[in-house]
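Colleague: Here is my input; please provide its structure:
(one chain, ligands or ions: 2)
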Amino acid sequence: MTDTDIASVEALYDSTASSEAQSHAFRSSEIPVAVYGLGKMGLPLASVFAETSGNITGADVDPDVVETINNGNCHVKREPGLPELVDDLVDEQALQATTEPRNAADDASVHVIIVPTPITDEKEPDLAILDTVVEDIGNGLDPGDLVIVECTVPPQTTEKRVLPALEDASGLSLGDFGLAFCPERTSSGRALEDIRGAYPKVVGGVDNESTRAASLIYEQINEQGVLPVSDATTAEAVKVFEGLYRDVNIALANELATFTNELGIDVNEAIETANTQPFCDIHDPGPGVGGHCIPYYPYFLIKPFETESPLLETARDVNDLMPEFTVEKVREGLQADGKSLEDSTVAILGLTYRPGVEEIRASPSIAISELLDASGADVYGVDPMLDSVEEFALEQVPLSDLDEFPVDALILVTPHEDFGDINWDDIHRNYNSLSVVIDGRQTLEDDLELCKYTIGGGYSE
Ligand SMILES: NC(=O)c1ccc[n+]([C@@H]2O[C@H](COP(=O)([O-])OP(=O)(O)OC[C@H]3O[C@@H](n4cnc5c(N)ncnc54)[C@H](O)[C@@H]3O)[C@@H](O)[C@H]2O)c1
Ligand SMILES: CC(=O)N[C@@H]1[C@@H](OP(=O)(O)OP(=O)(O)OC[C@H]2O[C@@H](n3ccc(=O)[nH]c3=O)[C@H](O)[C@@H]2O)O[C@H](CO)[C@@H](O)[C@@H]1O
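Modeller: Numbers count the residues shown, from 1 in each chain. Ligands and ions are numbered 1, 2, ... in the order given. Here you go, the predicted model:
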């Protein structure tokens, strides 16, 4: 590798330098990278890029996020290793944050997009944030630049929406710059482990050179290497299909759980036993499906395309009915104790969509609180991760105060680690008004001295 070879590498797309020289340049901070979106996924991603490349600018529109990071602090909770890593990287000036995505775009030659891609109230994919970031990047795009979309989008978005927008904003054409879709497949709570290489990185370029350049980057980032696929749309489909598989299989588990009473069995036991067969992977029933991934992704196929999708839509309907199923079990448990739901006090334990993640989008507890409130019950919520509960129809109380209320029913929707310390015998003794506990996530012991209904498991004897 000659000095000229190394000195010439300031950008990767269509570079004439050797792959070795390009890789060396990336690892030697010669290739400025911008990461757009510094949230639950963006900050871990920017940090892993920074620990590898040493020259990362994160762009986020939230000034509090940017200030927190530039102070060496971490706003993303419960990501093992992330706070220490962010502190070190900012200290070493390998990572910096800005509220100016446009300025970041001017300076960078690799652009990684990981901003929210939600759905609208009409359940249409909402790509407005993506469009804004693409516009910022387009206005700062230079020949040789590579744009990577990591946020989850409907198939064909990269090729048919992002590419023309970049060309319009920059005046450049594909071939002057590169574009690839490389999905973020990690889960909150294990982001660093996953991004560093729990499994290979899927890479799909809009042209072969984009696939090559993106693969060179992720070979440096991901210990498991890369999985190049035919094109960007295939890579987008990989990510969406993973989520659809999960939503449909959770719906199967939920529908099976509704058979519990009529079959007179513990459906969870049957599911667990069925799953001992290697070709069976029935998921876990529960009070609903939350987050801004699994309940959203089906609409990335259902809405934009003409092809009928009865299974995807039915699965969504089944999962969206689980909050109602859960409230009916509360009503049933209270009636068995001579109480009406409208005259009762109900407490929901766990408001975020899953344990340990500070995210409430599509959380089952939102729908459950609204159904209980509409039925006239007094509703309280306990969640140690949340400071605000304005999206819920309930009053937030600390767990320690809950025994001061005449709680008639408890619903364990999201079993946070903090709930592991609950002494359920104390609950039985102190909550003398308690008629029923709904175990939403097969978390509670079977031998509790109280009336317990487990979703998928039925009533405890
Ligand atoms: N959360 C997950 O488990 C997960 C896993 C894989 C993929 N994803 C995908 O990653 C993407 C981001 O998810 P997340 O969980 O990090 O979201 P998040 O809500 O935690 O963070 C998004 C960040 O983007 C910032 N932002 C909003 N508009 C912006 C703009 N115009 N320019 C720059 N920054 C902007 C927000 O301020 C926020 O800090 C989504 O597409 C999601 O589908 C999420
Ligand atoms: C394909 C896949 O695995 N994707 C994961 C998923 O991660 P997530 O953070 O969205 O969380 P999940 O674990 O999927 O839960 C979602 C909701 O479903 C409920 N649930 C779950 C399992 C079950 O058997 N029964 C249930 O009822 C649970 O309580 C919660 O409300 O999407 C991320 C972004 O795409 C991925 O990166 C990540 O790999």
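Colleague: State the distance from Ala46 to ligand 2.
Modeller: Using CB to the nearest ligand atom, to the nearest Å, one obtains 17 Å as the distance from Ala46 to ligand 2. The way it works is simple: take the backbone N, C-alpha and C, and place the C-beta from them, glycine included.
Colleague: My read is that that residue contacts Leu95, right?
Modeller: Yes. In this structure Ala46 lies within contact range of Leu95 using CB atoms under 8 Å: 6.2 Å.
Colleague: tell me, what's touching the two both at once?
Modeller: Taking CB atoms under 8 Å, 6 or more residues apart in numbering as the contact criterion, the residues that touch both Ala46 and Leu95 are 56, 58.
Colleague: What's the local residue count around whatever residue of the stretch 251-400 of the chain ends up closest to ligand 1?
Modeller: Nearest residue of the stretch 251-400 of the chain to ligand 1: Cys293, at 5.2 Å (CB to the nearest ligand atom). The burial count assigned to Cys293 is 22, neighbours taken as other CB atoms under 10 Å.
Colleague: show me what contacts it?
Modeller: For Cys293, the set of contacting residues under the criterion of CB under 8 Å, 6+ apart consists of 152, 243.
Colleague: Let's see that with 10 Å instead.
Modeller: With contacts taken as CB atoms under 10 Å, 6 or more residues apart in numbering, Cys293 has the following neighbours: 117, 152, 184, 187-188, 239, 242-243, 246-247, 353, 359, 361-362.
Colleague: which of those residues are close to ligand 2?
Modeller: Restricting the contacts of Cys293 to those adjacent to ligand 2 (criterion: CB under 6 Å from any ligand atom) gives 152, 187-188, 242-243, 246, 353.
Colleague: Any idea which of the residues you listed the model trusts least?
Modeller: Lowest pLDDT of the ones next to ligand 2 among the contacts of Cys293: Ser187, 89.
Colleague: Leaving out the residues flanking it, which one is nearest to that one?
Modeller: Sequence neighbours aside, Asp194 is the residue nearest to Ser187 in space, at 6.7 Å (criterion: CB to CB, 6 or more residues apart in numbering).
Colleague: my guess is the one you found contacts Glu184, does it?
Modeller: Yes. Using CB atoms under 10 Å, Asp194 is in contact with Glu184, at 8.6 Å.
Colleague: how many neighbours does Glu445 have?
Modeller: For Glu445, the tally of surrounding residues (other CB under 10 Å) stands at 9.
Colleague: no wait, Leu312
Modeller: 19.
Colleague: hang on, Glu332 packs against Ser340?
Modeller: No. Counting by CB under 10 Å, Glu332 does not reach Ser340; the two are 11.7 Å apart.
Colleague: returning to that earlier point: okay if I get the contacts of Cys293 as a markdown table plus neighbour count and secondary structure?
Modeller: Listed next are these as a markdown table, based on neighbours: other CB atoms under 10 Å; DSSP: H, G, I helix; E, B strand; the rest coil:
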| residue | neighbour count | secondary structure |
| --- | --- | --- |
| Thr117 | 24 | coil |
| Thr152 | 25 | coil |
| Glu184 | 22 | coil |
| Ser187 | 16 | coil |
| Ser188 | 22 | coil |
| Lys239 | 24 | helix |
| Glu242 | 16 | helix |
| Gly243 | 20 | helix |
| Arg246 | 16 | helix |
| Asp247 | 21 | helix |
| Tyr353 | 26 | coil |
| Glu359 | 17 | coil |
| Arg361 | 17 | coil |
| Ala362 | 21 | coil |
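Colleague: Spell out which parts of the stretch 301-450 of the chain neighbour ligand 2.
Modeller: Counting by CB under 6 Å from any ligand atom, the positions of the stretch 301-450 of the chain adjacent to ligand 2 are 353-354.
Colleague: What ranges does the stretch 301-450 of the chain have for its helices?
Modeller: The residue ranges that make up the helices of the stretch 301-450 of the chain, judged by DSSP state H, counting those that start in this stretch, are 310-320, 322-335, 364-374, 424-430.
Colleague: Please identify the most buried of those.
Modeller: For those, the stretch with the most neighbours on average is helix 364-374, a mean of 23; neighbours defined as mean count of other CB atoms under 10 Å.
Colleague: wait, does stretch 171-188 make contact with ligand 1?
Modeller: Yes. Between stretch 171-188 and ligand 1, judged by CB under 6 Å from any ligand atom, the touching residues are 184, 186-188.
Colleague: Just the pLDDT at the residue of the stretch 101-250 of the chain found nearest ligand 1, thanks.
Modeller: With distances taken as CB to the nearest ligand atom, the stretch 101-250 of the chain approaches ligand 1 most closely at Cys151, which sits 3.2 Å away. Among the per-residue scores, Cys151 shows a pLDDT of 97.
Colleague: and what of Tyr296?
Modeller: The predicted local distance difference test score for Tyr296 is 97.
Colleague: How about the one 5 residues further on?
Modeller: In the predicted model, Leu301 carries a pLDDT score of 98.
Colleague: taking the mean pLDDT, what do you get for stretch 106-123?
Modeller: Mean predicted confidence for stretch 106-123 is 97.
Colleague: sec struct for the residue nearest in space to the middle of the chain, please.
Modeller: In the chain, the centroid-proximal residue (CA atoms, centre = their mean) is Cys293; its distance is 5.2 Å. With DSSP: H, G, I helix; E, B strand; the rest coil as the basis, the three-state label of Cys293 is coil.
Colleague: how much space between it and ligand 2?
Modeller: Using CB to the nearest ligand atom, one obtains 3 Å as the distance from Cys293 to ligand 2.
Colleague: The closest residue to ligand 1 within the chain - how many residues pack around it?
Modeller: Sorted by distance to ligand 1 under CB to the nearest ligand atom, the residues of the chain start with Gly39, at 1.7 Å. Neighbour count for Gly39, taken as other CB under 10 Å: 18.
Colleague: need the contact list for it.
Modeller: Each residue near Gly39 by CB under 10 Å, 6+ apart is listed here: 45, 60, 62, 65, 75-76, 114-116, 188, 359.
Colleague: Equivalent analysis for Ser23, please.
Modeller: By CB under 10 Å, 6+ apart, the residues touching Ser23 are 1, 9, 12, 17, 31, 216-217, 219-220.
Colleague: and these, which two are the farthest apart?
Modeller: In terms of CB to CB, the contacts of Ser23 reach their longest pairwise distance at Met1 and Ile217, which sit 18.2 Å apart.
Colleague: Pick out whichever of those two has more residues nearby.
Modeller: Applying other CB under 10 Å to Met1 and Ile217 shows that Ile217 carries more neighbours, namely 27 against 11.
Colleague: which SSE is that one in?
Modeller: Per DSSP states H and E: Ile217 is located in helix 208-221.
Colleague: so where's the stretch 1-150 of the chain shaky on pLDDT?
Modeller: 1-8 (pLDDT under 70).
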